[in-house]
Each structure stands twice: as C-alpha cells, then as structure tokens.
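Undergrad: Sequence plus the predicted model coming up.
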Amino acid sequence: MELERFSYDNKIVRNFGFATMLWGIVGMLVGLIIASQLFYPALNLNLQYTTFGRLRPLHTNAVIFAFVGNAIFMGLYYSLQRLCKARMFSDKLSKIHFWGWQLIIVAAAITLVMGFTTSKEYAELEWPIDLGITLVWVIFGINMFGTILKRREQHLYVAIWFFIATWVTVAVLHIVNSIEVPVSFLKSYPIYAGVQDALVQWWYGHNAVAFFLTTPYLGLMYYFLPKAANRPIYSYKLSILHFWALIFIYIWAGPHHLLYTALPDWAQTLGVIFSVMLIAPSWGGMLNGLLTLRGAWDKVREEPVLKFMVVAVTAYGMSTFEGPMMALKNVNAIAHYTDWIIAHVHIGGLAWNGFLTFGVLYWLIPKLYKTELFSKKLANVHFWIGTLGIVFYASAMYWSGIAQSLMWKEFTDLGVLQYPNFLETTLQIIPMYIIRAFGGLLYLSGSIIMVYNLVKTAKAGKFVSSEETEASAMIRTKDRFKKGIRHRFLESKPILFLTLATAAILVGTLVEFIPTFLVKSNIPTIANVKPYSPLELQGRDIYIREGCVGCHSQMIRPFRSETERYGEYSKAGEFVYDHPFLWGSKRTGPDLQRIGDKYPNIWHYMHMEDPTSMSPGSIMPHYPLLLSQKLDISTTPKKIEVMRSLGVPYPDGYENIANKDLKKQADEIAKNLNENGIATSSEKEIIALIAYLQRMGTDIKVKNVIGK
Amino acid sequence: MKLIKYFSKKLLFGLIFFILSPVFISVFAQGVTESGEIGEGYYNFIIFLFVLLVAVVFALLFVFGMKEVSVEEEDFLLKTVKAPNKYLQKLNQILTRPTPIEKESDILLDHEYDGIRELNNRIPPWFNYLFIATIIFSIIYFFDYEIFESSPSQIQEYNIEIQTATLQKEELLKTGSLLDENSVTVLNDLASLNNGKEIFTINCVACHRPDAGGLVGPNLTDDYWIHGNGIKNIFRTITNGVPEKGMISWKSQLNPKQIQEVSSYIISLYGTNPVNPKPPQGEKYSGE
C-alpha cells in the first residue's frame, strides 16, 4: 500500500487557540465587572455604555461565542484533520472563517455596548451581524464537510458525529430565531410576537446550550480525553446510544425555560418530560469519559490536563442532573428568576466548558510548539484556584438564589407577604454577591496564570505551521449491514449521517412549533389589548436598548405570592403585539408587567435619574442621560410600517400621522411633570420611556378603587 | 485510607438516597406548591444539592490528594478490607458490568483513529435502567397532566391557592388578628413607634422630608389633612394610596402591621413644628 504525504494545518489551530485565551480573559473580566456592579452600583459609571443592562449581554456573548466558540474551532480544526487523516479542505476558507469570526466578535462588542440589541438572550446581535454569522457558519460548514469528504479514513469517529450535529443544529437554530424585519441599519423587529417569540427564543436559547456548549464539547472530550489519558474509549455502543438519544431529546426541552408562564400547558409538559428523559443520554457522555479513565487514575493525579478534564466531565454530569431537576415544575417554581439559574449555568460554563478548554489548551499548545509545558506547577495552581473559584461562585449563588426565592414567597401568619418590598430581599443577598465576585476573581486569576504559562511555553518551543505526515488513501471495505454493526455502515456515509441528524432535531422542533403557531386556542385573544401608541413604541425600544430585560421580567406567574406582589398574572393574549417579547429570565429587580399606573410620572422621572432617591439602597444603575437625550422620532413612520407588516393592526397611512400623536402624548406627560415641579421638555427620551412604563400591563388591569 | 474511603462512600450514598427520595415523591404533589408553606421536599432538595457539591469537592480531594500506593501496599490494603470491598465490587459488577481491564483486548474494536481505540464494553445496565425509568416517568407524567388531567393545570393550581388564602383571610378578619382600616388602632409603645420611624425614614422621607415637614407631599405635622386625619384615614391612605396625586399604594410593600406602626408614628409627630414647613393643604381638623 502506497503512502500519501500530506500535512496538517497547525496555524489555524494556533490562531483559534490564542483567540480563545484572549476572548476568555475579556469575557471573564466583563463578567467580574458586572458581578461587582451588583454590590457596588457606582461601577455603572453613570454612562449608558457601561451599565449592567448593556454589559451583561456583552459578557454572555463574549464567553459563549468568543471564548467557547473559538475553543470549539481550535479543538475541531485540530482533531478533525487527524481523525480524517486529511488537511483541512481549504486553507483559504479556514482563514476566512477565523478572521470572519473575530470580526463578528468585535462587531458584537461594539454594537452591544452602543445599545444595538434585539434583546433576545444569546441572540442579541442585530440583523447585519446575524447575516455575517450565517455566512461564516456556512463557510465553516463547507470547510468541515469538504474535509470529511476527502478523508483518508473510511469511518467517522464519534467526535465527528458530534461536530456534524453541532453544525447543522446551530445553523437551523440561528436562522429560525433570527428571522427579523429591518427598521434601519442596526434595528429590527422579529417576525414572532409574544408567546410564539418566547417559544422560538427558548427553543433557541436552550439548544444553544445543547448544541454550542454541549455537543461540540463532547466531541472535543471524545478526542482529547483518550489522547491525553492514552486509554481506549470505554464503550462504543454507549457512544451510539447516547449520541442519538441526546440530539433527539435535547431539542424538545426548550419550554422548561417557560414553566408557569403564559406558554400553553401542553408545551410546558413536553418541556418537563423531555428534560427528565435527558438525564441518561447526558450522563452517557460523562460515563464514557470517566470510564475511559479506568486504569489511568494514577495519571489523573499527575497530569494537570487530566485533572481539568475530570472536573469538567464531573461538572457536566452534575449540571445535566441538576438541569432536569430544575425542569420539574415544583422546583422550577423556586428556581426560576433567581440566582439559582446563574449558579447552574456557571457550573456548566466555568467547570464544564472552562475546565475542558483549559485541559485542551494545556495539552495542545505544547504539542503545537513541540515542547513541554513551561510549568506544571503553575498549571496545578491554576487548577486549584479555578476549582476554588467555582466553589465560591456556585455556593454563593445557590444560597442567594434559594434564600431570595423563599423570601419572595413567604407569607406571614396573617396572610400578607413577609417581604412586601422587593428591595429588602435584594439587600439581604448582597453579601452573596460579594462572595460570588470573589469566586469570579479567583477563576479569572487562574486563567491569567494559564495564559502566562502557555505564552511562556510557546516562546520556549518552535512552532511548525504545517505538520508533515503520511497515510494511505482510503480503502473502502464493505460494511456488512447486519444487526450489531448497522451503525458502522452509517459512519462511512457522512451525507446520510447529516440527513438523519437533521431529521432527529427537526421532529421535536416541528411538534412544538406547529400547534403554537397554528392553533388559535393556544393564545386566546383579549379584546382590550391594543397596539402600542407611537410614543410607547419608542419608549419600548429604549427599554430594549438599555437592556432592562436583563434584570426585570414582564411575566407574572400564577402564584399567590406573585399576584399579591405584582398584580394579576400574565395572560398569553396580552403579548400579541410584542415584537420582541420581553418576558425576561431573571429578577434582579422586580417584575414590571403591571408597573403601569402604579407610580406617578414624577416617581419614574426621579427614579431614572437616581433610583436611590425613590428606593434607598437600590442597586439599579442611574440613567441621567435619558433625561437629557433627545428622542429620535425620525424612525417612527418606519417602525409603524414594519410593525404593520408583521400583523400589528395600525390603520393604513397611520405612519404619516404617528408623530403627531406621539407629540401630543409626550406633551401631556411633560405637562404633568412640569406641574409637579420638574422642568423638562417633551422631546426627551425619558418621556417616551415613562409612556411605555405607564402603559405596561394596563390593558387588562383591574383598576384600584380608591376609598372615598 | 481504603477504610475511610469505603465508609465515606457508603455514608455519601446513604445520604444522597435519603435526601433524594422525597424529591421524587413530591413531584406529583404539585397542587400544594404554594398553598400554605413550602413543602419539606424543597429543603431536602436544596440540602441535597449542597451535599452533592461538597461531595464532589471531597471526591476530588480524595482523588488528587491520595499518596502514591505501591503495588504491595495496595494488595495488603485490599486484603485487609476485603469483605466490604467484595460487596462493592459485586454491586459494581451488577450495575456496570464492565469487562475487567485484563480482558480488555477481547473487546477492543479493530479500528483506530489517530491512535484512539474503542472498547466494546456493554452499556452499563444501570444506565439502561435509568433511561427506561425516566421514560416511564415521562409517559405517566404526560398522561397524568395532558390525557387524564388528573393533576391540576397551572391556573387550577392558582385558583386552589387563592381559594385557600381567601378563606384564611376571612377567618383572620373575624378573629380580629388581621388589621384593616376598620380595626386599626393607634400604638403608643416605644418599640412600635421606633419601628414606625424606621419605616418612615426608609420609605416616606423622599416626599415628606425627614422631619415630615412636607416636600412633594404635604406637611404631616400640622392640623391640615387632604385625605382625613386620625389613624383610620391615615392607614387607608397609606394602604391604597392616591396615585393621581402622587401618593403610591404601599400595601404591596408594607404589611398591615407596618402600616399601623408608621401611621402611629406620623400621629406622634403632631405639633412638632418643623422648620420651614410646606404651607397647609387640605381641610383643617382640630386636635389630634
């Protein structure tokens, strides 16, 4: 058999590797800043660019798409070439992929800080960037499948199965969730509204976790763990079972983010049961990882790479057990909207994604530079600091989440809320916020130590950008298509594999989407619910721009403790004109759905200028700029037009007179403020925001009958 | 070392199973979620999570903190604690059914990817049991909620909760332990007035000034009252608010007892003559 000479592209791997480190540090630093803002609000700096609302999406996007994203590509480009015994399909495409992805990250960082956001979690980026992501993802796909097709290895290893599922599902998720109609260059409205938007968003959000943070990382684990431990994978059968079960079941579980909301009950039930059924398929990955280490545990004690991987895989197991538990309705009633969720995602993020990335980096960089790790000792220090950081982080957040939730729900013997003032519950958990930030600081410090260690390693070694190797051309043997090895047949047919994986993820998607979109009884209409006035619409866009949804929900669950505190529970029919929905997922501040008419205009005015003037001790950022900035009303006609095209019943031609109505309403609010001693003009942004806040939830509000 | 390891393992499993059981039992008992107090199951679950976290940390310490043990030592240790180990091994054998490492070559698959080999170990039976158990759970759950509708929908749950609370409230009003504007009385004891002062300082001073002399809201120390004087009127004004005039409703932020305390405190401020007060508003009431 003649051997073919070829080379592996190591340069692209190195580039993604250093991008991972860079963005990792940036993302964690932003995380540390926003964590500190919660106990030291002055860090918001009274600038709109640095408020919590705008930095939080920056943190999530940076760690998910920049840190983890680059790490996926680093590991994938390294392992795919070797598992296929082929150089990447095209160096040019690799390069475009790399620089395209970095460009998207930079564009994301700039636009998010400037307030351009769709407000949909982990999909905040506006439509031009969405298009860019689609393009880069397609290029990545061509490059990946090109490599797979020209492989010298007949069968696809399990890691590649996970890469294939990742690619196709992320593509479907991103495109479906990002269908939006542009209003201007950096502003758009999603075509979905209210309940439907919520379902699509959390189908996306949940599966972004599944197919961006989980499946590609399982792929990495299946390559780097056996490589580092030098042990065979424990069970090939288990790989097959847990792979297919995982991708088929995962896609259904999105509605567990919307338990006890206005989402129809049947969809919630599906969310619950498919989450529970996820335990075993998820644990399949952990089992195969940990059992692969059978006979290599002595190495684990020695080797920092393996230590990181073991903690990562263990944390993956914990997280994927906790997740289904939190998807049970009675547990979710406590956990939802609280820091418990933050704890949960950080077990996944810091330990599973973070530690696996670190493990891969510690293994890979010395390999790329043909040298040994600069300092094993520093890597061990990193390991312990990081672990300690996670423990501090998680225990503080579990504690604060559960404590606050119980305070929200507590009634006195007399049947009234024990803590009627929301702020009181916030102030109770401030010490936990400090401990959390300390944990984050430890974790970040560890990462900085790693970067130092790896840069030193790189400097000591010699980088080979093209690694020469040789292998024989692919020899096709016929796979007998009989029971027991049927899957083997599939592993040599990448396109068929892709098709089946796509089918697996589409089943759950269609079963949940079609009824929600087509069956009218799922969203009962409410006659009183009317479209927003032009001023309210503009105010709503300010609410979106400032990222208010990051801390304030607009979804009152049907619990006595919530209706007592906030007012009537939310109904599906109230959100039919909400493009996008703003239900939120976290209550750092109180729910705002029934805020309308609750406080006078002047209260909102003063509260925005300095929240502590109305709520002493409040940790909300100050928004003095809203008081001085002029509202841009040139966009009103276009906004009305786009909304109408999405089915919001503004009359024909209304866009031409919309600004007249807008000014009239603004004048009324300004007049009311003037009468109360506030000197302001009707052209300020604050007026629009007040208009929106005063409108919220009032369509079906039962007015308070005031004595006398 | 082995002994400690063995016993800590046993203890841990025991704990986990003990704590886990009520969680599963309480899954179907959702009707009681919010009516009344929160069930025991939740606390257990929370404790369970903590234990899990701590357990993992300890497990890690164990794995990484152990000293190197030579083969002879290991053999010796294995012999000394042989009996319990046999059980564990048996359990492990039943639940996981791994092929022993020595016989690994029998199940090593013939392919190899960049040096990575794969074993063809059987899927651990306990994994299968777990998977099947969750599927059975899910089918029962689905039928329970969606086909037979034997467990309440979320709105039914809510209605039950509200019904219970309404009955409770009626009972409390009857016995006089729940205050409303008809049953409220002025408190004169120092503790209550101090509480009232604290509530006033936190919530009211933004509009009424720390000395109650009036700012956005009216002076509360003079003879003039817009919405009536006396404990009953003040209690009602604070509870329901007068939103059109800028006074918000406090009933969602203060409980009736707190409103009683702050009302009493306000009454205690009568005639304190703060410096530079807001001009009188409302009607004049003589006396208190």
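TA: Now that the structure is in, tell me what you want to look at.
Undergrad: just the strands in the stretch 1-150 of chain A please.
TA: A:3-9 (DSSP state E, counting those that start in this stretch).
Undergrad: give the contact list for the residue lying closest to residue A:95 once chain neighbours are set aside.
TA: Nearest non-adjacent residue to residue A:95, counting by C-beta to C-beta, 6 or more residues apart in numbering or on different chains: residue A:12, 7.3 Å away. For every residue, glycine as well, the C-beta is placed using N, CA and C. Contact analysis of residue A:12 by C-beta atoms under 8 Å, 6 or more residues apart in numbering or on different chains lists A:77, A:88, A:91, A:94, A:95, A:98.
Undergrad: Try it again at 7 Å.
TA: A:77, A:88, A:94, A:98 (C-beta atoms under 7 Å, 6 or more residues apart in numbering or on different chains).
Undergrad: hmm, which two among these are most spread apart?
TA: Maximum pairwise distance among the contacts of residue A:12 (C-beta to C-beta): 11.1 Å, between A:88 and A:98.
Undergrad: where are the low-confidence patches of the chain?
TA: No chain in the question, so chain A it is. For chain A, the stretches with pLDDT under 70 are A:1, A:479-485, A:701-708.
Undergrad: Switch to chain B, please.
TA: B:1-85, B:176, B:286-288.
Undergrad: what's the single longest strand in it?
TA: strand B:108-113 (DSSP state E).
Undergrad: Strand partners (parallel or antiparallel) of that one?
TA: strand B:116-119 (antiparallel) (DSSP bridges).
Undergrad: Residues contacting the helix or strand just after the strand it pairs with, please?
TA: On the C-terminal side of strand B:116-119, the nearest following helix or strand under DSSP states H and E is helix B:125-142. Contacting residues not belonging to helix B:125-142 are listed as A:269, A:272-273, A:276-277, A:279-280, A:283-284, A:287, B:95-97 [C-beta under 7 Å, 6+ apart].
Undergrad: at 10 Å instead, please
TA: For helix B:125-142, contacts defined as C-beta atoms under 10 Å, 6 or more residues apart in numbering or on different chains pick out A:235, A:238, A:241-242, A:245, A:249, A:266, A:269-270, A:272-281, A:283-284, A:287-288, A:324, A:328-329, B:24, B:27-28, B:91-92, B:94-97, B:122-124, B:148, B:151.
Undergrad: Where does the closest residue to chain A within the stretch 151-288 of chain B sit, in terms of helix or strand?
TA: Residue nearest to chain A within the stretch 151-288 of chain B: residue B:158 (3.8 Å; C-beta to the nearest C-beta). For residue B:158, the host element (DSSP H and E) is helix B:154-175.
Undergrad: On the three-state scheme, residue A:589 is what?
TA: With DSSP: H, G, I helix; E, B strand; the rest coil as the basis, residue A:589 sits in coil.
Undergrad: Verify the contact between it and residue A:566 for me.
TA: No - counting by C-beta atoms under 10 Å, residue A:589 stays clear of residue A:566, with 11.9 Å between them.
Undergrad: re earlier: okay, and which of the contacts of helix B:125-142 map to helices?
TA: Residues of those located in helices (DSSP state H): A:238, A:241-242, A:245, A:249, A:266, A:269-270, A:272-276, A:279-281, A:283-284, A:287-288, A:324, A:329, B:24, B:27, B:91-92, B:94-96.
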